[in-house]
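[1] generate coordinates for the sequence data below:
(one chain, ligands or ions: 1)
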Amino acid sequence: MRPSLVGVGVGPGDPELLTLKALAALRGADRVFGPTMAVDAVGRAESIVRQAAPDVVVERLVFAIVRDDGARRAAHEQAADRVVACLEEGERVAFVTLGDPNVYSTFHHLAALVQRRRPQTPVETVPGIMAFQALASTSGTVVLDGSERLHLVSAVDGPEVLEVPLADPEAAIVVYKGGRHLPALAARLDAAGRLEGAVFGELLGLPGEQVGPVADATSSPAAYLACVLVPPRREAPS
Ligand SMILES: C[S@@+](CC[C@H](N)C(=O)[O-])C[C@H]1O[C@@H](n2cnc3c(N)ncnc32)[C@H](O)[C@@H]1O
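    Numbers count the residues shown, from 1 in each chain. So this is what the prediction gives:
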């Protein structure tokens, strides 16, 4: 087997949402890396792997989530160096990510840096269940039907991101990275008449999970690991 790099989605939190294919990829790898904020902190993805597959050892790669682009880039470069060193030893390397590796994930940054250093490296991904899918299931929300559309947005820069999706009432809206703006997001949804059926999920599948109507989330911010799901505006069945 040639050395290779695979990004493995481990789902949002509940270890039972890690797929059989993800499990096989982890067990088939010579080395499994997981992102963390500090070398002595168990990352979220690592903790899911520990529960789903205690036999799999995860080596931590530090990815400081900081606003300083230089520090972030330096951490990515260091992580890529470590991955390349393993590939040079002939290893098949897996990198675990929360949810899906192709959606708002560090994996493609890492893969690009690895391929810059070692262009012959085959890169693959194993899809993972995403947080909003878990939220839809837990809250009993039908996300899309018929010709309805989906807007999936990041509110890291604030609730203004809702402007475009709110102009499309027949679209469902999923908001990621907006935990700290939850009250402001709730206010915008209310002003647009879209609070009905809108739900938020915080720490889905993890200790401390909270799920509830966005209408009840108007007073305090939620954690970074929180998402909002707004169903399309629908006619009441006659
Ligand atoms: C960097 S993105 C990772 C997305 C991930 N790759 C996915 O496919 O779901 C982080 C955002 O995903 C959402 N998220 C991921 N896991 C979550 C969880 N367990 N509970 C609630 N939201 C979660 C939150 O909106 C969070 O701010």
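[2] alpha carbons only for contacts and neighbour counts from here, please
    OK.
[3] for the nearest residue to residue 71 once chain neighbours are set aside, give me its contacts.
    The shortest distance from residue 71 to any non-neighbouring residue, by C-alpha to C-alpha, 6 or more residues apart in numbering, is to residue 64 (7.6 Å). Residues near residue 64 by C-alpha atoms under 8 Å, 6 or more residues apart in numbering: 36, 37, 38, 71, 72, 75.
[4] is the fourth one in a helix, a strand, or coil?
    So the one you mean is residue 71. What DSSP: H, G, I helix; E, B strand; the rest coil gives for residue 71 is helix.
[5] give me the pLDDT for residue 187.
    pLDDT for residue 187: 96.
[6] which SSE is it in?
    Using DSSP states H and E, residue 187 maps to helix 182-191.
[7] next structured bit after that helix?
    Per DSSP H and E, helix 182-191 leads on to strand 199-202 as the next helix or strand towards the C-terminus.
[8] can you give the contact residues for that following strand?
    The contact list for strand 199-202 (C-alpha under 8 Å, 6+ apart) reads 135, 139, 209-214, 222-223, 225-230.
[9] one more pass at 7 Å, please.
    Applying C-alpha atoms under 7 Å, 6 or more residues apart in numbering, the contact partners of strand 199-202 are 135, 209-214, 222-223, 225-230.
[10] tell me the residues of the chain that contact the ligand?
    12-13, 98-101, 103-105, 130-131, 176-177, 201-205, 224-227 (C-alpha under 6 Å from any ligand atom).
[11] still on that earlier bit, can I get the contacts of residue 64 in CSV including distance to residue 17?
    Formatted as CSV, these follow (distance: C-alpha to C-alpha, whole Å):
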residue, distance to residue 17
36, 21
37, 23
38, 26
71, 33
72, 30
75, 29
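[12] number of residues surrounding residue 26?
    Look at residue 26: counted by other C-alpha atoms under 10 Å, it has 28 neighbours.
[13] list the buried ones in the helix or strand hosting it?
    Assigned by DSSP H and E, residue 26 falls within helix 20-28. Within helix 20-28, the residues that count as buried by 16 or more other C-alpha atoms under 10 Å are 22, 23, 25, 26, 27.
[14] need the contact partners of stretch 13-25.
    8, 9, 10, 11, 48, 51, 52, 126, 129, 204, 205, 206.
[15] hmm, the fourth one is touching residue 133, no?
    No: with contact defined as C-alpha atoms under 7 Å, residue 11 does not count as touching residue 133 (9.7 Å).
[16] gap between the closest residue to residue 99 other than its chain neighbours and residue 72?
    Leaving aside its chain neighbours, residue 99 sits nearest to residue 11 (3.9 Å; criterion: C-alpha to C-alpha, 6+ apart). Using C-alpha to C-alpha, to the nearest Å, residue 11 is found at 24 Å from residue 72.
[17] who has more neighbours, those two?
    residue 11 (29 against 15).
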